[in-house]
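Q: 3D model of this:
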Amino acid sequence: MRVPYEEMYNEFVRVLLKYGFDKDKAEISAKLYADASRDGVYTHGLNRFPKFIKSIHDGIVDIHAEPVLKESFGAFERYDGCHGPGNLNAYACTKRAIELAKQNTIGCVALANTNHWMRPGNYGLMAVEQNCIGIFWTNTVPNMPPWGGRDARLGNNPITLAIPHGDTPVLVDVAMSMFSYGKLEVYKRSGRPLPVDGGLNKDQQPTKNAAEILETHESYPIGYWKGSGLSLALDLIAAALAGGRTTRQVGELPLETELSQVFICIDLDSLPDKENIAANVEATLRDMETSTPVEEGRPVHSPVRTWLRSAATIWRTVSLSRMRSGSRCWHCKGRCAV
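A: Here you go, the predicted structure:
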């Protein structure tokens, strides 16, 4: 079943208003969820929304809370998320990091005591819309063993890197595990095997069965020992900058909350060679995509093309459904008929 963007967005708004959000916050949060699904990231869009509502029921999320400035060090600021909605906290901190970057060339905001931020790629796209490089990451509850270990001691600590490139920005949005837990849920529901071994089953054997990995919480780190080290470093830096909890300390809580996050933006408009930077990005992408494919007819993997293909698929689906209903295009906010 395919749902038009505006219908999904309006339903998100309706539910959020029902749970006590004010109109402005409901609309921002709904857009972040709907945009994730529009771009094909269902795991952190529509599929994640029921878990968010449950977190309100469980008292994890304070819907009225907003980030509070704790300390300011020029281009670097620390905030307390006050257990507020993770995506709204992240949205506010991204906006502030962009503002600091416009003032100082670089801006860094660190956030403690926050909740799951949903799809981090949303914040990367916010940065590139302002011609900023965006570097954002979060820690998580322990959900991944260190390389060579059997017990979850590390978080899969997602990171997003976003680089402006006209209408087709470079967007890398990855967890430190081979597959995010949201993606594992997708494979479990579909019954399909993972394309590569994603972790260990209860017999300590490599497996492509997502359900087995969800049972053991023994997901492989990306790059094996390298991903293990990266996860540790991201966790320690986030906690240090935010003055917040490490993954180990988050794991001491009954549920995943009080996370530490970092939002860094770099304003390319402030740099004297911004035209040369843009030309180098374009030339590098073109060069990478000329690599001979391993499989004929299958393009080389690109952090530009991958998410654009997902968005294009959703666009075609929404457009067709709207043509059948005689409605208007969500992409241009009704300025054209489809």
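
Q: ok, the most centrally placed residue in the chain to T246 distance?
A: A centroid search over the chain (Cα atoms, centre = their mean) returns P120, at 2.1 Å, as the residue closest to the centre. Counting by Cβ to Cβ, to the nearest Å, the gap from P120 to T246 is 19 Å. C-betas here are computed from N, CA, C, even on glycine.

Q: show me the strands in this protein, by range?
A: Counting by DSSP state E, the chain forms strands over residues 68-73, 76-80, 106-114, 132-138, 159-163, 170-174, 199-200, 206-207, 259-267, given from the N-terminal end onward.

Q: most tightly surrounded among those?
A: Counting by mean count of other Cβ atoms under 10 Å, strand 259-267 has the highest mean neighbour count of these, with a mean of 27.

Q: these two touch, right, E289 and S302?
A: Yes - under the criterion of Cβ atoms under 8 Å, E289 is in contact with S302, at a separation of 5.9 Å.

Q: and the strands of the chain as CSV, adding distance to Y187 and mean pLDDT?
A: CSV is the format used below for the strands of the chain (distance: least, Cβ to Cβ, whole Å; pLDDT from 0 to 100):
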stretch, distance to Y187, mean pLDDT
strand 68-73, 39, 98
strand 76-80, 36, 98
strand 106-114, 28, 98
strand 132-138, 23, 98
strand 159-163, 22, 97
strand 170-174, 17, 95
strand 199-200, 12, 92
strand 206-207, 11, 95
strand 259-267, 25, 98
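
Q: closest to R14 out of those strands?
A: Of all these, the one in closest proximity to R14, counting by Cβ to Cβ, is strand 106-114 (25.1 Å).

Q: how far does that closest one sit from its chain's centre?
A: Between the centre of strand 106-114 and the centre of its chain there are 15 Å (Cα atoms, centre = their mean, to the nearest Å).

Q: then it to CSV, C-alphas only?
A: What follows is the C-alpha trace of strand 106-114 in CSV, where atoms were taken according to Å, rounded to 0.1, in the frame of the first residue of the first chain:
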residue,chain,number,x,y,z
ILE,A,106,32.3,26.8,11.8
GLY,A,107,29.6,26.1,14.4
CYS,A,108,29.4,23.2,16.9
VAL,A,109,26.4,22.4,19.1
ALA,A,110,26.6,19.5,21.6
LEU,A,111,23.4,18.1,23.1
ALA,A,112,22.9,16.0,26.2
ASN,A,113,19.8,14.4,27.8
THR,A,114,18.0,13.9,24.5
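
Q: can you list the strands that it pairs with?
A: Here strand 106-114 has these sheet partners by DSSP bridges: strand 76-80 (parallel), strand 259-267 (antiparallel).
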